[in-house]
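Enquirer: Dropping a prediction and its sequence here:
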Amino acid sequence: MARTILTRGRSHADMKELSRHASEFNDKLLRIENKDQDYLALLFILAQHLNEINLGSCACSIVEKPMYNSPERLEGILEILSETFNEKEYAVCIHSRCLACGKEYESKMVDSGFGQKVIWKEKVQRS
C-alpha cells in the first residue's frame, strides 16, 4: 500500500487529501513493535511525508526520502523535461520539474549492487 501511494499515479491534490489523516496514521504507527519497524520502513516514510505535506511542504519533497524514486514513478508530481544517457558514468540523467511549485531536479539513475539507485539534486534556477 505505502509503495503504491509513494510511487504510482499520485497527484499533489491526492497527497494533500491524504495528509489530512497524517496524525491518525502516525498515532497508529507508534503502536507497532520496534522489531517490525524495519520491515515497515515505507509506511514510516509515508507517515513522515504526509506530516510534512500537512505542514505545508510540497509533495515533490518525496525526492529527499531514503527510497528508490525514479522520476517516472513520480508522474503526477513531476514533469519530465529531458532525458539523456551519460556514457562516461553509464547513467540515465533526467531533468524534471514539480508540477505545483516549479522546483527543478536533476536525477541520475546508476547501477548499485544488484539494482539501481537514483541520485537527486535540486537544480538551481537562474533569475
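Expert: Nice, I can see it.
Enquirer: now stretch 77-88, how far from the chain's geometric center?
Expert: Between the centre of stretch 77-88 and the centre of its chain there are 16 Å (CA atoms, centre = their mean, to the nearest Å).
Enquirer: in what helix or strand does the closest residue to Leu81 other than its chain neighbours lie?
Expert: Distances taken as CB to CB, 6 or more residues apart in numbering place His95 nearest to Leu81, at 4.6 Å, with adjacent residues excluded. Just so you know, the C-beta spots here come from the backbone N, C-alpha and C atoms, and that holds for glycine as well. Assessed by DSSP states H and E, His95 sits inside strand 91-98.
Enquirer: which helices and strands sit right next to the following helix or strand past that strand?
Expert: Once strand 91-98 ends, the next helix or strand along the chain (criterion: DSSP H and E) is strand 104-112. Applying 3 or more CB pairs under 8 Å, 6 or more residues apart in numbering; DSSP states H and E, one finds that strand 104-112 contacts strand 78-86, strand 91-98, strand 115-123.
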